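Q: prediction below, plus the sequence it came from.
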Amino acid sequence: MKIGLLIYGSLGTVSGGYLYDRMLVAQLQACGDEVEVVSLPWVGYGRALLHNLSRSLYQRLATADFDLLLQDELNHPSLFWLNRQIKRHVQYPIVSIVHHLRQSEQHPPGLLWLYRWVERRYLQSVDAFIFNSQTTRQEVARLMGETSDVWQPHVVAHPGGDRFQPVITEAEISQRTHEPGPLRVLFVGNLIPRKRLHTLIEALCQLPAADWRLDVVGSTAVHPTYTRRILHNLPTAVTLHGSLPDAALAELMRRSHVLAVPSQYEGFGIVYLEGMGFGLPAIGTTGGAAKEIITEGVNGYVINAVETAVLAHHLHHLHQNRDALAAMSLSARQRFLAHPTWAQSMAKVRGFLGEQVRG
């Protein structure tokens, strides 16, 4: 198959969505498919809407010799009207990779109305969908007004969690949890308001200072204003590492006790699963698909994103009850082992794409 992939910026961008896209491209290329990346510049939402009027983009897509065009749904403002124009002239199907919807995030009411309108128009302009979770599928169906599971062709293919290929034994996990000293908490995510690092820090500050240490891994440059907020009166028990290479992040996961990312919304939450590969119980929120990974009280906790006191209670419990921490850590590892690998999930997607081309 000759496949186009339309994204913003570079395929190497650090985020869960771009990781998914990279893994899919790698799978397609490994199977002999040709993938051409069509990159649009990162601009603000308003300027992205103007891409719909770009003659050069229209010509490139309308004359492309693709068997199928993949589009990352993140690009929806650039394509909600343009898709309708190019479909008059092309034979290939357009398939959208949906990680999570912009309208699922918190926005002022006026902007939220605009985002919903544009996003709905975009979703109605494509031929098929790839969803990273059942939650994302349900959100798209709800926005499009679909009440039946039988609608446009789609596949749900969860991200894998085996990027780091973690090798750790149950004995090592149990030994780590019973080591004396503070609870070692890990946060992985770019420093943006949606990830709610401030909530985690506020919760930890409710505990005795000697009881915890927090390592934060993620870019500090994405949202400078939010980063300055985090840096203001930052407790000494918090270490900001910035972005780290995979090997260094894997080593932090190996040394930590628990992964806590209390995001306002996650379309899936790959990092929860990656942490479970190292035996880390995960703390996520009810906003999004964390509940598809985390079983409450078994391999982690699912809280409301603003429940700082509840988050503090869970962290205190894990510090004070190391036997409970050990049991949850081993359950987390088993949850990881039961999950499909990247290769398995991306093979499922490739099979689905082949059906769209043949159809």
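A: Happy to help now that I have it.

Q: going forward, measure contacts between C-alpha atoms and count neighbours the same way
A: Fine.

Q: can you tell me what sits against stretch 301-319?
A: Stretch 301-319 is contacted from outside by 182-183, 196, 199-200, 202-204, 206-207, 211, 262-264, 281-287, 290-291, 294-296, 324-325, using C-alpha atoms under 8 Å, 6 or more residues apart in numbering.

Q: buried members of these into PyMOL, please.
A: The command below creates a PyMOL selection of those among the contacts of stretch 301-319 that count as buried (16 or more other C-alpha atoms under 10 Å):
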select buried, resi 182+183+196+199+200+203+204+211+262+263+264+281+282+283+284+285+286+287+290+291+294+295+325
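
Q: let's see which of the contacts of stretch 301-319 end up in strands.
A: Per DSSP state E, strands hold the following members of the contacts of stretch 301-319: 183, 282-285.

Q: how much space between Thr227 and Gly160?
A: 29 Å (C-alpha to C-alpha, to the nearest Å).

Q: compare these two (neighbour count), which wins?
A: Higher neighbour count among Thr227 and Gly160: Gly160, with 22 against 19, using other C-alpha atoms under 10 Å.

Q: where along the stretch 1-150 of the chain do the helices fall?
A: 16-30, 45-49, 55-62, 76-79, 82-86, 109-123, 134-143 (DSSP state H, counting those that start in this stretch).

Q: now those as a markdown table including mean neighbour count?
A: Output for the helices of the stretch 1-150 of the chain, formatted as a markdown table (neighbours: other C-alpha atoms under 10 Å):
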| stretch | mean neighbour count |
| --- | --- |
| helix 16-30 | 18 |
| helix 45-49 | 15 |
| helix 55-62 | 14 |
| helix 76-79 | 26 |
| helix 82-86 | 19 |
| helix 109-123 | 16 |
| helix 134-143 | 18 |
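
Q: which regions of the chain sit below the pLDDT cut-off?
A: 147-151, 359 (pLDDT under 70).

Q: care to break it down by domain?
A: 2-160+341-358, 170-338 (automatic domain parsing).

Q: identify the bridge partners of Tyr301.
A: On the basis of DSSP bridges, Tyr301 is bridged to Ile283.

Q: what is the neighbour count of it?
A: Tyr301 has 22 neighbouring residues, counting by other C-alpha under 10 Å.

Q: quick one, phi psi at Val188?
A: phi -130, psi 120 (degrees, to the nearest 10).

Q: and what of Pro153?
A: Torsion angles, degrees, to the nearest 10, at Pro153: phi -50, psi 140.

Q: list the contacts for it?
A: Counting by C-alpha under 8 Å, 6+ apart, the residues that Pro153 touches are 127-129.

Q: closest to Tyr115 out of these?
A: Closest approach between the contacts of Pro153 and Tyr115, by C-alpha to C-alpha: Phe129, at 19.1 Å.

Q: just give the number of residues close to that closest one.
A: So Phe129, with other C-alpha under 10 Å, has 24 neighbours.

Q: need the CA coordinates for stretch 289-298. PDB is fine.
A: Taking Å, rounded to 0.1, in the frame of the first residue of the first chain, the C-alpha atoms of stretch 289-298 are listed here in PDB:
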ATOM      1  CA  ALA A 289      -9.700   6.300  29.400                       C
ATOM      2  CA  ALA A 290      -7.600   5.700  32.500                       C
ATOM      3  CA  LYS A 291     -10.300   3.400  33.700                       C
ATOM      4  CA  GLU A 292      -9.600   1.100  30.700                       C
ATOM      5  CA  ILE A 293      -6.100   0.500  32.200                       C
ATOM      6  CA  ILE A 294      -6.400   1.000  35.900                       C
ATOM      7  CA  THR A 295      -8.600  -1.200  38.200                       C
ATOM      8  CA  GLU A 296      -9.400   0.800  41.300                       C
ATOM      9  CA  GLY A 297      -7.600  -0.500  44.300                       C
ATOM     10  CA  VAL A 298      -6.000  -3.400  42.400                       C
END
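
Q: just give the closest residue to Val156, not the sequence neighbours.
A: Nearest in space to Val156, with sequence neighbours left out and distances taken as C-alpha to C-alpha, 6 or more residues apart in numbering, is Phe131 at 4.7 Å.

Q: please apply the same query to Ile294.
A: Using C-alpha to C-alpha, 6+ apart, the closest residue to Ile294 is Gly300 (5.8 Å).

Q: close enough to count as contact, the one you found and Ile283?
A: Yes: when contacts are counted by C-alpha atoms under 8 Å, Gly300 is listed as touching Ile283 (5.4 Å).

Q: now Leu186: phi and psi?
A: Per degrees, to the nearest 10, the backbone of Leu186 is at phi -120, psi 130.

Q: overlap in contacts, Gly300 and Ile283.
A: With C-alpha under 8 Å, 6+ apart as the test, Gly300 and Ile283 both reach Ile294.

Q: give me every residue that touches the residue in the chain sticking out farthest from the centre.
A: Distance from the C-alpha centroid of the chain, by C-alpha atoms, centre = their mean, peaks at His89 (33.8 Å). By C-alpha under 8 Å, 6+ apart, His89 lies in contact with Ala62.

Q: Tyr58 versus that one, what's the distance?
A: For His89, the distance to Tyr58 - C-alpha to C-alpha - is 10 Å.

Q: returning to what we had before: let's have the helices of the stretch 1-150 of the chain in JSON lines, adding distance to Glu355.
A: JSON lines is the format used below for the helices of the stretch 1-150 of the chain (distance: least, C-alpha to C-alpha, whole Å):
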{"stretch": "helix 16-30", "distance to Glu355": "14"}
{"stretch": "helix 45-49", "distance to Glu355": "31"}
{"stretch": "helix 55-62", "distance to Glu355": "22"}
{"stretch": "helix 76-79", "distance to Glu355": "24"}
{"stretch": "helix 82-86", "distance to Glu355": "21"}
{"stretch": "helix 109-123", "distance to Glu355": "20"}
{"stretch": "helix 134-143", "distance to Glu355": "19"}
